[in-house]
Structures are given as structure tokens and as C-alpha cells.
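Participant: fold the stuff below for me.
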Amino acid sequence: MAICIKSTNHFISHHTRTALPRTSRTPAVVRISAARRAISGVSEELSELALQSLDTAAARRRVRAAYLEVQRRLDHFLFKTAPSGIQMEERYERNSKGMEIFWKSWLPKVGVPTKASLFFCHGYGDTCTFFFEGIAKKIAAAGYGVYAMDLPGFGLSDGLHGYISNFNEMVEHVIEQYSHIRERREVTGLQHFILGQSMGGAVALKVHLRQPQEWDGVLLVAPMCKIAEEVTPSATILSALSFLSYILPEAKLFPQKDLGNLAFRDPEKRKVAEYNVISYADQMRLRTAVELIKATREIESKLEKVSCPLLILHGATDKVTDPNVSKFLFDQASTADKTLRLYEGGYHAILEGEPDERISNVIDDIISWLDSRVSAP
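Facilitator: Model (predicted):
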């Protein structure tokens, strides 16, 4: 059962009320994938390939290419029920900063008009392909043009794996890439929405705050937009980490937990996640950790400036990013058109790691929200 809190023109309705558990939360900057280990069910050669250093984009691209056929055969709801006939394109583009960015599009079947465009920002332990492939196909089948890019340092884009030297600069990469895509003929004149998941939620919020007039709506799934006080490192520790991040910025030293089993409610889907072999699963780099903490603090101070239609989806028992923080965002956002939907019993990965029916419901909620806000042609 979903708990929906919706405010449109200052109207609020509580479909169902339940109290969120009063448990301490782990920081939102943790990964949701396990440290890399041998992959079961594949040849020894493929397993060894996945264990090599993935620091460079070239290495990640080789591994992804080698695993494509294996990934197509995986037993997961998103893969098994993906609609056919979706038009897809993959491209690499070098941006103004000299970085080669990977992006992909999913468009409705030939002959089906496109209602609007949706741009995706992935999470820290994720990429813009793999699980999102199935999600994007379902949204495209509903009549939307879906676009997603790998953030610098993640997936198939250039950059040291898992390294964020400056969160604001990463947001600038996103703004530039998505601005170019919005100039493409198939999306010119359409409404544009941005969807962010986990860390990608922080990216999407910052993109909107930088471009308040450019987006017709922000959709957030288990967003990382504030770290609860009880799990925020002390000022002394933060100061020490910040100092070390300037001396050893790329060092994988930040203390963190592997919360894969807490992110995926369905253990079988958790096993499938291991086949996203190019996702970052090592210890967090020092500069990355400091930049994520800085980003959440900046976002928290500007939540009242969130001014466009807003949809927030969160698992009510998420122990990776706190659903109470999503409630805080809902309360602080200045837009009158805002909806918060909490899924009873849901973990962090509500789009990938829940029972099949729940995953389908979450995707349907995204499509229904978009449908209700797309202007008639």
C-alpha cells in the first residue's frame, strides 16, 4: 500500500496514515552494490574480466561489451517484461570540458507520438543502463522520450571510477549534456521533466535550482537531499576528512557499509544487481564523500526554492536514504503542486529490488503523474 501526500493549490490529502519507524538511518552516501567479487554463472574468463581495475572508461566499456549477452538473459521483472519495438540509440559526445559522455535514448514505437521528454540522473552505485533499461522502455512505451547519461566517473563516461572532484562541476556536465539533447528535433517544443534516483536526486534538484525555468517537473526516487543529524559525522571528523581529501582526494578510505541487502527487499533481485559489473562498488573515495556531504547541505538550505511540479517516491522502510528526509523536502518545497508517495514496507531500490507488483506500481505512478501534467497538444 502506498501512502500518498499530495498538495496542489494548497490542498493536502492523506490517503493512508502510518508512522515511520523511529530507527537510526545510515548515511545517504553509502553504496547499494556489493564490493566486486567473482560473478557466479559466467565463465572464468568473464568473471576475471569483471575483477580487473575499472578506473578508466576504456576498461569499463570493454567489460560492459563483454557482459551484454549475459545481461540480456538475466531473470528479472524489468528485463522479462520490457516492451518491444522501443527505438533506442547510444552515443558518446565530447563536451566543452573535453570529457566524453555516454548517453542513451529510448523513444516510443515508430508512429507513436511523443508526449514529453524525461531525463534521468542515476545514483552513486548505479549507471544509466542495466536496470534503467527496463524502466526506460516501460516509460517510453507510455509515449515518452527518455534520455539518460552516465555521470562523469561512472558507467561508460570518462573520468576516474567513482570519483567526484566537485559536485557542482558534475551538475554542470549534466546541464550541458541535457541542454544539447533538448535541442534535438524529436524533443524540440515538448515539455521536459527530470528524474533523479538516490544521489541522482541530489543532481536533479541542483539542476532544477540552477535552471528553474527550464524544467516542467522534478521526479525523485529515494532522493539523497539531506543527511540525518544522528548519522552525520561530527564536525571534527568532517574537518579531518575534508583536510585529507585535499591530500589524498582519490584514496578509497571513507568508512562506509555495503547496504545491498538492505536496499533490495527481494534477495533474488539483489543477486541480479551483481551483473551490473561496471557500477562502482569499491570503498568510497575521500573527495567523493566530502563532495556528497557538501552537496546535501547546500541542497538542504535551498529546498524552499524548489518551485516546479514535484513528485517524490520513497520506500517507507528505506534504511539507505531516510524517507523522513523526503517528507522534509515535501514540506519545504515552495511549489503548490507536490506529491509525496511512501510505499509501505518498501526498501531503497523501489524501482529494482521490490516484488514485481511493487516495481510495476512505482513505474505506473511515475507514468500517471507525468500524464496528468503533460499539456494537451
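Participant: excluding its backbone neighbours, what's nearest Lys338?
Facilitator: Counting by Cβ to Cβ, 6 or more residues apart in numbering, Lys338 lies nearest to Leu310, which is 4.2 Å off, once chain neighbours are set aside. The C-beta positions use only the backbone N, C-alpha and C, and glycine is treated the same way.
Participant: okay but that neighbour is in contact with Ala333, surely?
Facilitator: Yes - proximity of Leu310 to Ala333 meets the contact threshold set by Cβ atoms under 8 Å, at 5.5 Å.
Participant: and the residue nearest to Lys338, backbone torsions?
Facilitator: Here is the backbone geometry of Leu310 (degrees, to the nearest 10): phi -130, psi 130.
Participant: and Asp356, how far from Phe132?
Facilitator: Applying Cβ to Cβ, to the nearest Å, the value for Asp356 to Phe132 is 17 Å.
Participant: who has more neighbours, the two?
Facilitator: Set Asp356 next to Phe132 and count neighbours by other Cβ atoms under 10 Å: Phe132 wins out with 25 against 14.
Participant: look at that one and give its secondary structure.
Facilitator: Three-state call for Phe132 (DSSP: H, G, I helix; E, B strand; the rest coil): helix.
Participant: thought it was touching Ala148?
Facilitator: Yes - with contact defined as Cβ under 8 Å, Phe132 counts as touching Ala148 (6.0 Å).
Participant: the residue most distant from the middle of the protein, which is it?
Facilitator: Distance from the C-alpha centroid of the chain, by Cα atoms, centre = their mean, peaks at Glu44 (31.2 Å).
Participant: measure that residue to Ala38 for me?
Facilitator: With Cβ to Cβ as the criterion, Glu44 and Ala38 are 9 Å apart.
Participant: can you check Leu370 too?
Facilitator: Going from Leu370 to Ala38 by Cβ to Cβ gives 41 Å.
Participant: coming back round to it: okay, and the common contacts of Phe132 and Ala148?
Facilitator: Shared contacts of Phe132 and Ala148 (Cβ atoms under 8 Å, 6 or more residues apart in numbering): 120, 122.
Participant: looking at Leu370 and Ala38, which one has more neighbours?
Facilitator: Neighbour count, other Cβ under 10 Å: between Leu370 and Ala38, Leu370 has more, with 24 against 12.
Participant: you'd agree that one is in a strand?
Facilitator: No - counting by three-state DSSP, Leu370 is not part of a strand but helix.
Participant: what sits against it?
Facilitator: For Leu370, the contacting residues are 115-116, 118, 139, 142, 144, 193, 217, 219, by Cβ under 8 Å, 6+ apart.
Participant: okay, and which of those map to helices?
Facilitator: Of the positions in these, Ile139 sit in helices, assigned by DSSP state H.
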